[in-house]
Every structure is written in C-alpha cells, then in structure tokens.
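J.: Following is a predicted model, sequence given first.
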Amino acid sequence: MKVCVLGGGHGCHAAAVDLFEKGHDVAWWRRDAQAAARLRSIGELQVRDWRGDRRVPLGDQRGAIRLVDDLAAALDGARLVVIPLPSTTHDALAAQVAPLLSDDQIVYLPPGTFGSIVFADALAAAGNRSRVAIAETGTLPYLVRTHGENRVVISAYATRLPTGVYPSNAADWAFDVLEAAYPAVERVDDVLSAALMNAGPVIHPPLILMNAGPLEHFDRWDIHNEGTQPAIRRVTNALDAERIAVREALGYGGPHFPLADHYATDGDEWMYGRGAHGKLTDSGDWRESIDLKSHRYMLEDTRLGLSFVVSCGRFAGVPTPVAQGLLAIAGAVAGRDLYREGRTLEALGLADLSRDALRRRLADGARA
C-alpha cells in the first residue's frame, strides 16, 4: 500500500525505513527541503538495528524510499499518513495537511498526546468533509536516534502499540489499514484512551526535573542510565498511578500499560517488549545535552502531555497532586505558565462537555 511519512525527526527516519522494508510504497516529505535534497544526493540511509547494518535506498522512484518535496503530491493516493513527530508540531502541520486529505485516508500520530482532536479540528476549519480517520498510540514505534545526515540506529521496535481511532465508529476500516502497516497495533476504545497511554508525560518530567542539577552542570547526561535512581522511580510510579486512576475514572479498563513494566524483567510485557530499557541505556544514544527551557521533554511531554493528564483529572474528578506539582516546578524552571500553554481539555474546547457528550464526540465526531 502507499504510505506517506511526514517529518524529518528520528522517528520519521525509522518509520520510512520500517514501512519500506515491510514492502510498502513509501513517500517521505520533509519540511526542510534542503535536508531532503542532501539526503537525495547521498542516495541511501545507513541503518543499524538488531538485524545488523545495511543500506536502504533513497530516491524519486519505486524500489526506494521516495523523497517528495511537494506535500500534496506526497499525500496523494496514500492510504496511511504516518506522522511520528513531537506533538509540538501538530497545530501548524494539521493546518497544512487538513485541506489535502481525501476519503479513506488514515492519519497516524505515534504518539499523539490527543493530537487527533487537533487534526479533526483542522479538518473542520478547512471545510474538508472527507471520510478521514485519525489514530494515535501511546509511544513512538521505535527507540531510535539519527547520527549525521543519513545514519539511523534503531535500538528497539515496539511490540505492543495500544491505538485508538477518531471517530471510533471508523475503527473497523481504519484498523485494517493500521494493522497492515503495524502488526503490533492493539485496539483500544478511542483516542482519549490511547492518549492516556502516552508514556512520555510519565517518564520524562520526573527525569528532567529531578536531574536538573546534573543536566545543567554536565555537557551531556543520560537521564535513563545514571539519572534513573530509586527516588525518581518512586515519583514516576506515583505519577503513573495518577494516570491510571484517571483512566479508570473515565471508564477505561486494562491493560493500562503501567510504566513499571518497562523496567521489569517479568510480568506483563510493556510496549517495547522485554529488555528495552537495557537496550536504550546500552546504546549510549540517550547521553545527551538537554536544555530545560527548550527540549521537547519540557515543551512536549511536560507542557502538552502533563497538562493534558492534569486536565483529564479535573474533568474526571481525580486528584493529580504529583502531576500538578511537577507541572508547577517545571513552569518555574522554564519561566512560563505551562498549564495555560498546554494541550488541555479547556484549550481544546472539550472541558465543558458532559461525559456523555464527550463520549459521543469521540465515537462519531459530531460537535454539539
């Protein structure tokens, strides 16, 4: 099937490789046309994963990952549009993409941070009434880092991808397409359930805030290795318990994919399978410089993701003191009101809906 990958980040490189090697016709669009041109001139990606090293061709023709400069041309005829970008890109990109989508296309946001609603609102604003489904999941399907222009190192592939579809009455036809591209997809009730599976707002805010001293002192620091200590894990577990309590109060059953399973050697398998945390730390790719005012862990996972969890807690009547405390401290560190800037139910115009009205909106896409 024809698949379109949008974006130039780490996950976008991995998605283009993965979907191409699964036999799909992959069109890859990047906003940075100069970076795309440099890749086109190099003509290949150098890929390393558990299978070893190999070269994956890039070009303008079939038999290669096709780099397409025109967004409309990249989207044209694509059954699946994969956008493995930070959720900070959603507002601007949704406005570009929405007028160009057509019947029976599926937009996939891995992960989404409830970005499905952002894209649905953009479709409505563009007056586009095509039958489009928007899906999102709880994590990026890859643990991946790029090195230089064309080297891609994939430390792990997701083995379980809890995914919801908007509107959920499109689930049957949309999941057929999603599962053809990502067999690890696991169906969940709707996109709110999927958004509340997002691991980023649980794992990253405690790691960056409780490692703030080392991050600002050392040139590079691995928050996942020496930065992950028992005290931080206790905070992460408490934060995750709040997320799960919100899910349960909203009527969502298990599995809730508790983050503790990511670190465990037995019990339920988490999204990246067994031993993923060790693969991540062993790679050395996450020993990095993190600016606490500008890094995506602050502007995406904390500003957008953690504010979303807090707002869902308020909607469901569930206290979230750890999430609220971390968000307040993060705001002091960043020097900005992160909840006001966040992706909250209030900001999305959903906070005043009744639970039944929100459920209907998620099911059929209809607005009040």
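T.: Happy to help now that I have it. Because the structure is a prediction, the values reported are computed rather than measured. Numbers count the residues shown, from 1 in each chain.
J.: For the residue lying closest to residue 85 once chain neighbours are set aside, give its distance to residue 96.
T.: Setting aside the residues directly before and after it, residue 85 is nearest to residue 7 in space (Cβ to Cβ, 6 or more residues apart in numbering), at 4.2 Å. Where C-beta positions appear, they are placed from N, C-alpha and C, glycine not excepted. From residue 7 over to residue 96 the distance is 12 Å, taken as Cβ to Cβ, to the nearest Å.
J.: What of residue 26?
T.: The value you get for residue 26 to residue 96, if Cβ to Cβ is used, is 20 Å.
J.: neighbour-wise, which of these two wins?
T.: With neighbours defined as other Cβ atoms under 10 Å, residue 26 and residue 96 compare such that residue 26 has more, 28 against 15.
J.: Now do the more buried one against residue 80, distance only.
T.: Taken as Cβ to Cβ, the span from residue 26 to residue 80 is 10 Å.
J.: which SS state does the most centrally placed residue in the chain fall under?
T.: Nearest residue to the geometric centre of the chain (Cα atoms, centre = their mean): residue 111, 1.9 Å. Classification of residue 111 by DSSP: H, G, I helix; E, B strand; the rest coil places it in coil.
J.: pretty sure it contacts residue 141?
T.: No. Under the criterion of Cβ atoms under 8 Å, residue 111 makes no contact with residue 141, lying 9.4 Å away.
J.: how far away is residue 230 from residue 263?
T.: 11 Å.
J.: Mind checking which of these two has more residues around it?
T.: residue 263 (15 against 7).
J.: my guess is the more buried one contacts residue 233, does it?
T.: Yes. Contact criterion Cβ under 8 Å: residue 263 and residue 233 qualify, at 7.4 Å.
J.: so where is the stretch 151-300 of the chain shaky, pLDDT-wise?
T.: For the stretch 151-300 of the chain, the stretches with pLDDT under 70 are 274-276, 278-282, 286.
J.: What ranges does it have for its strands?
T.: Along the stretch 151-300 of the chain, the segments classed as strands by DSSP state E, counting those that start in this stretch run 151-157, 161-166, 185-187, 221-222, 287-288.
J.: Mind jotting down where the strands sit in the stretch 1-150 of the chain?
T.: 2-6, 25-29, 44-49, 52-59, 65-67, 80-82, 106-109, 133-137, 142-147.
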